[in-house]
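> pasting the sequence and the predicted model now:
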Amino acid sequence: MRRKEKQITDQDQIDGIIKQAKVCRLGLSDNGLPYVVPLHFGYYPPFLYFHGADKGRKLDILGANARVCFEFDELEKINKHASGCNWGASYTSIIGEGTARILVDPEEKINGLHCIMAQYSSRAFEFGKQDLAETAVIEVKILGMTAKRSG
């Protein structure tokens with residue numbers, strides 16, 4: 001990270017930022033072309049979990065290339081100045097990379113779905129066989145990440 005004074009190194013702070021996030025942007029490489037998709041997620045260090053349809057571009061890409069990147073951010077405010085080039089923002093962000101795998105085992109899928117739902121609700125959920133069969137659950141093992149606070 002170029003601006004070391006903005007770096008967040010405390011893992012508890014990083015975990016707190018992720019736990020407060022509502023969306024994670026997952027970056028994939030589709031034959032050398034970038035593809036980014038915003039997703040609901042679950043976080044259980046050192047893993048991220050995502051869910052979606054059991055068919056589609058995201059799964060096709062992951063089948064060919066399991067390396068991914070991800071990003072979280074929270075914009076707190078825009079800092080306006082007279083000169084447009086001096087505008088800035090107060091924000092926190094996390095950028096990381098990992099390897100993805102599509103979960104097949106029903107128990108692993110259920111655990112991933114529970115993790116996702118825990119990000120958004122304290123309620124317990126049941127997942128039926130049909131829902132599990134029609135839902136893809138992706139587990140990303142986090143290989144590294146950096147966090148930053150600006151403003």
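Here it is on my side, so go on. The model shown is predicted, which means the values in this text are computed figures rather than measured ones.
> the longest helix seen in the chain packs against which elements?
What stands out as the longest helix in the chain, according to DSSP state H, is helix 106-120. Based on contacts counted as 3 or more Cβ pairs under 8 Å, 6 or more residues apart in numbering; DSSP states H and E, the elements that helix 106-120 packs against are strand 42-44, strand 47-53, helix 129-134, strand 135-150. Just so you know, the C-beta spots here come from the backbone N, C-alpha and C atoms, and that holds for glycine as well.
> and the last one, which strands flank it?
It refers to strand 135-150. Pairing partners of strand 135-150, with direction, according to DSSP bridges: strand 7-8 (antiparallel), strand 47-53 (antiparallel), strand 88-103 (antiparallel).
> now the shortest one
Under the criterion DSSP bridges, strand 42-44 sits next to strand 47-53 (antiparallel) in its sheet.
> returning to that earlier point: out of the helices and strands packed on helix 106-120, flag the one nearest residue 109.
Taking Cβ to Cβ, strand 135-150 is the member of the helices and strands packed on helix 106-120 nearest to residue 109, at 4.4 Å.
> could you list the buried residues of that closest one?
By neighbour count on 16 or more other Cβ atoms under 10 Å, the buried set for strand 135-150 is 135-140, 142, 145, 147-149.
> may I have that strand as CSV, with CA atoms only?
Extracted as CSV, the C-alpha positions of strand 135-150 are listed here (Å, rounded to 0.1, in the frame of the first residue of the first chain):
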residue,chain,number,x,y,z
THR,A,135,-28.7,-22.7,-5.3
ALA,A,136,-25.0,-22.4,-5.9
VAL,A,137,-22.9,-21.6,-2.8
ILE,A,138,-19.3,-20.3,-3.4
GLU,A,139,-16.6,-20.4,-0.8
VAL,A,140,-13.6,-18.1,-1.2
LYS,A,141,-10.6,-18.9,0.9
ILE,A,142,-9.0,-15.5,1.6
LEU,A,143,-5.3,-15.5,0.7
GLY,A,144,-4.6,-11.8,1.6
MET,A,145,-6.3,-8.5,2.0
THR,A,146,-5.5,-4.9,2.8
ALA,A,147,-7.7,-2.3,4.5
LYS,A,148,-7.6,1.5,4.3
ARG,A,149,-9.2,4.5,6.0
SER,A,150,-9.1,7.9,4.3
